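> sequence and predicted structure below; questions after.
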Protein chains: 6
Amino acid sequence: MSLSTDSVVAIYPGSFDPLTNGHLDLIHRGRGLVGKLIVSVLNNEAKQPLFNVEERMDMLREAVAGMENVEIDTFDGLLAEYAASRGASVILRGIRAISDYEYELQMALMNRRLRPDIETMFLLAGEGNSFLSSRLVKEVARLGGNVSGLVPAAVERRLAARFPMPGPGK
Amino acid sequence: MSLSTDSVVAIYPGSFDPLTNGHLDLIHRGRGLVGKLIVSVLNNEAKQPLFNVEERMDMLREAVAGMENVEIDTFDGLLAEYAASRGASVILRGIRAISDYEYELQMALMNRRLRPDIETMFLLAGEGNSFLSSRLVKEVARLGGNVSGLVPAAVERRLAARFPMPGPGK
Amino acid sequence: MSLSTDSVVAIYPGSFDPLTNGHLDLIHRGRGLVGKLIVSVLNNEAKQPLFNVEERMDMLREAVAGMENVEIDTFDGLLAEYAASRGASVILRGIRAISDYEYELQMALMNRRLRPDIETMFLLAGEGNSFLSSRLVKEVARLGGNVSGLVPAAVERRLAARFPMPGPGK
Amino acid sequence: MSLSTDSVVAIYPGSFDPLTNGHLDLIHRGRGLVGKLIVSVLNNEAKQPLFNVEERMDMLREAVAGMENVEIDTFDGLLAEYAASRGASVILRGIRAISDYEYELQMALMNRRLRPDIETMFLLAGEGNSFLSSRLVKEVARLGGNVSGLVPAAVERRLAARFPMPGPGK
Amino acid sequence: MSLSTDSVVAIYPGSFDPLTNGHLDLIHRGRGLVGKLIVSVLNNEAKQPLFNVEERMDMLREAVAGMENVEIDTFDGLLAEYAASRGASVILRGIRAISDYEYELQMALMNRRLRPDIETMFLLAGEGNSFLSSRLVKEVARLGGNVSGLVPAAVERRLAARFPMPGPGK
Amino acid sequence: MSLSTDSVVAIYPGSFDPLTNGHLDLIHRGRGLVGKLIVSVLNNEAKQPLFNVEERMDMLREAVAGMENVEIDTFDGLLAEYAASRGASVILRGIRAISDYEYELQMALMNRRLRPDIETMFLLAGEGNSFLSSRLVKEVARLGGNVSGLVPAAVERRLAARFPMPGPGK
């Protein structure tokens, strides 16, 4: 119980479809609190994500380049089991809003029941990011809106490739 | 930014009037996540607390006896400044319910504005403690209800001294 | 456990300072669900209510006249103990809004812990009453607003006596 | 309106896909408040439930064996009409969280409009069950997690049959 | 900035699948606050609405007949861009409940970012309409329930045509 | 009902003890939506505000200097009656959070009942101001924290006069 906190490994799980600046802010802040932060992409191909796992990991790798204690990984199956298999004692989650809060509470309580030794730690979204979600970013990009400032450059580039701007003839 | 996390110092601030088992659960869980956890009693005598700061610190000291990386302290003034003065980079807070969430969000955003280098980290109350509050414990004790299981023994003893059970003649 | 439900006694506790049409709607609906409904006024004179316990009970008695299975009572001390002393197995509460919900949840969980054999049953406020509260009624009456339709006639009369309308010379 | 409450019949409607210990706790508590409790499975085959109506009813029957005033049934169509057709004057619902609350409020108000003589009565989920949902149980079981303690034995057995544990070769 | 408010044009966007009395109440109230109110139907055929855009516009036109400063339109693409293209400086939205609030907040912040010159103005649903939603109306109509009083006559007629009442042989 | 909207007069009521940049943002945005905006200070001297009504009006006057369609006023009594007496058909309110939402909803419904012809219009707080409240600003200033950026210059100056920074001898 009196852990050397340098050995604290945290998992930051998510779909990251795609990574937003809100996620990136959380990675920046979270990695200062633990020895190692593993950002792990949920393999949920059945849900027809916009980007596949490899693409999502690539965008993350590009965005966290140079952050020494951050690692990019992927997982499927039970999060609590995956966290244990990686030697993590912490699950990091961000909360933006009340609706997040309830879902996160339910997941945290279930994970505590499955693995009482793994703690879920919450950080609040920064103010500038409280309205940001991957879903909304995709919707805006799909409709031709400007997402610069909402996502890292690597993501903006890929979104532009997926959703080319309509030409003048539209 | 690439801190050695062993050096992470966290403040767990509160009134602790009195300490409940919910607070104690948070101390247990929080101290496993950081190098040092300073549990710090807010000096709010103007609000006529039931126990004075010395008493509240005594109850805390008794309850955390043997926890190596936990220290008991007191503060007044701005929390963010106090945290900085103690070399802390983390403020630890528990959330039990939606109403907590909104208040905590407001405080966390204000503290981030005052001291951008200090992070507020949230843990969720354990299920058995979600209804527990110092206010409710005091109310139950005052009305002669049984608070064992809700507070540590040191607190139960002091509450019993403050609110003696009515004799049969009542 | 296989009670004859005719013997189900429920307590509907509250300050009723004063009774509103929202409370009265709950009494009407609640008394159809149990064998006997005891509407019980919290003796909270220390909080300087607008009407004393006797006045609040009088207004209730007038409003429930003719309802056979409704009784008016008063209590202080722990609600759960009082309920048990009256042979009640149910505490009836109304919920108007989210903020009510959280407070009621906390109280229900504490009462379940103190007396696991007593159940808290919730009914939702009728639509026309969702904004009604004793506090707001008093505020409107104090400022000379019209509260007819918000409270029973017996209460309107007493509020008018407490807050006489300002004369033209004001 | 001055019903003999022994004649109070309540409907506890739901998908029960599958029954959880949270549902079972509500059945236990609810049946003590009314003369007869009809637990009724929504026939929603179009939504591709994990278990069909017959299986869901079987699991319920096994779990409530010996509870004299509990009956298992199924329905489709408008809940309020179904309740009336069964002679029920009460719809029983559990609330676990704020998001439940809003949905339940909307349904209760609509049902009151459709059938003003039918009351919706709410009980709060027990603390140990506040994170429990059929959806989450299915997810955990599908991913090979341990659901014992979350569902009755009859359900655990059927979930194990549906989601066999992966062998060592996985 | 010191606009002549007679020139204020507002957009009230929505699916209106179908129009409810709650929407109609908002149109009545909103059109009194601005110079011109454009009620605009989202072209979301991909989501398989019950009524197509033309039908939804027809029902709206019939319901707002005689309201001089109300226009019916349709749009797709980014709402903020559409509003700008129509010369609107205000987006009008109704809020019924907390869950609406969070979604509306997210959309309003995103729209402010995309078009800082366009303001989102909120009105609260009237009490009698707080439980009303197009989704619930469709569900009730589909199951043969009575929706008169929930939707305008033009909508009730069309719903009856879509969901004919089952004959006695059912 | 088909008002010339240039004639729309709105009341923005509040304690403004003191004015914050959040209030000022709302004034800027609200005055663009109506013909005339009356910012009106609640005379609540019984609640021992930090600044008296005259001071609060002075700070407002200084902050809105040059805004042609904004007027500063004060009121006591029922807001709905005051609004009617000023010829206003709109009450303007800001919402920052869920807890605001519920309180505002209750007030709006009561005001609609008292004066059905007066509409309450809501704008959401800007992101940078969502944590800002007069109460929190006073608390930070009292404890010697920096409030620049949170309040207009006129307010910052007066707060500094009220809460002089402690000298080095503290």
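Thanks, I have it. This one's a predicted model, so the numbers in the text were calculated from it and none came from an experiment. Residues are numbered from 1 along each chain as shown, chains lettered A, B, ... in the order given.

> which SS state does A:E81 fall under?
Per DSSP: H, G, I helix; E, B strand; the rest coil, the secondary structure class of A:E81 is helix.

> wait, it touches D:N146, no?
No. The pair A:E81 / D:N146 is not scored as a contact, 10.1 Å apart, by CB atoms under 8 Å. (Each C-beta comes from the backbone N, C-alpha and C, glycine too.)

> between those two, what contacts are shared?
In terms of CB atoms under 8 Å, 6 or more residues apart in numbering or on different chains, A:E81 and D:N146 are both contacted by the residues A:L114.

> ok, now which ones touch the residue of chain A found nearest chain C?
Using CB to the nearest CB, A:I98 is the residue of chain A that sits closest to chain C, at 9.2 Å. A:I98 sits next to B:98, B:101-102, D:98, E:98, E:102, F:98 when contact means CB under 8 Å, 6+ apart.

> if we can go back for a sec, quick one, which of A:E81 and D:N146 is more surrounded?
Just comparing A:E81 and D:N146: by other CB atoms under 10 Å in any protein chain shown the higher neighbour count belongs to A:E81, 17 against 12.

> roughly how far apart are that one and D:G145?
A:E81 sits at a distance of 7 Å from D:G145 (criterion: CB to CB, to the nearest Å).

> need the overlap of contacts for these two.
In contact with both A:E81 and D:G145: A:L114, using CB under 8 Å, 6+ apart.

> which ones among the contacts of A:I98 lie within strands?
Judged by DSSP state E, strands contain none of these.

> and which of the residues you listed is nearest to A:T20?
Relative to A:T20, the closest of these is E:E102; by CB to CB it sits at 17.6 Å.

> hmm, the closest one is touching A:A97, no?
Yes. Between E:E102 and A:A97 there is a contact under CB under 8 Å: 5.1 Å.

> so how many other residues sit close to A:L60?
Neighbours of A:L60 using other CB under 10 Å come to 28.

> ok, it to A:E139 distance?
21 Å.

> one more: A:V70?
From A:V70 across to A:E139, the span is 28 Å (CB to CB).

> those two - which one has more neighbours?
Ranked by neighbour count (other CB under 10 Å), A:V70 and A:E139 place A:V70 first, with 21 against 14.

> can you pull the contacts of that one?
Contacts for A:V70 were tallied using CB under 8 Å, 6+ apart; they are A:27, A:31, A:36-39, A:64.

> how near is it to A:I38?
With distances taken as CB to CB, A:V70 is found 8 Å from A:I38.

> now do the lowest-mean-pLDDT helix or strand in chain A against helix D:98-114, angle only.
Taking mean pLDDT, DSSP states H and E as the measure, chain A has helix A:98-114 as its least confident helix or strand, at a mean of 84. Here helix A:98-114 runs at an angle of 120 degrees relative to helix D:98-114 (axes from the mean of the first three to the mean of the last three CA atoms, to 10 degrees).

> which is the next helix or strand following helix A:98-114?
Counting by DSSP states H and E, the element after helix A:98-114 in chain order, helix or strand, is strand A:119-124.

> tell me what that following strand is packed against?
The contact analysis (3 or more CB pairs under 8 Å, 6 or more residues apart in numbering or on different chains; DSSP states H and E) places strand A:119-124 against helix A:21-31, strand A:90-95, helix A:98-114, helix B:98-114, strand B:119-124.

> after it, heading C-terminal, what element do we hit next?
Using DSSP H and E, the helix or strand that follows strand A:119-124 in sequence is helix A:134-142.

> show the average pLDDT along that following helix.
Helix A:134-142 shows a mean pLDDT of 94.

> following element in sequence after that helix, please.
Immediately after helix A:134-142, counting by DSSP H and E, sits helix A:153-162.

> identify all contacting residues around that next one.
Taking CB under 8 Å, 6+ apart as the rule, helix A:153-162 contacts A:18-20, A:50-51, A:55, A:58-59, A:62-63, A:137-138, A:141, A:147-148, A:151.

> ok, 6 Å please
A:18-19, A:59, A:62, A:141, A:147-148 (CB atoms under 6 Å, 6 or more residues apart in numbering or on different chains).

> just the CA coordinates for that helix, please, in PDB.
Extracted in PDB, the C-alpha atoms of helix A:153-162 (Å, rounded to 0.1, in the frame of the first residue of the first chain):
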ATOM      1  CA  ALA A 153      -3.000  19.000 -36.700                       C
ATOM      2  CA  ALA A 154      -2.500  15.300 -37.400                       C
ATOM      3  CA  VAL A 155      -6.200  14.700 -36.900                       C
ATOM      4  CA  GLU A 156      -7.400  17.800 -38.800                       C
ATOM      5  CA  ARG A 157      -5.400  16.500 -41.800                       C
ATOM      6  CA  ARG A 158      -7.000  13.100 -41.700                       C
ATOM      7  CA  LEU A 159     -10.500  14.500 -41.200                       C
ATOM      8  CA  ALA A 160     -10.000  16.700 -44.300                       C
ATOM      9  CA  ALA A 161      -9.000  13.600 -46.300                       C
ATOM     10  CA  ARG A 162     -12.100  11.800 -45.100                       C
END
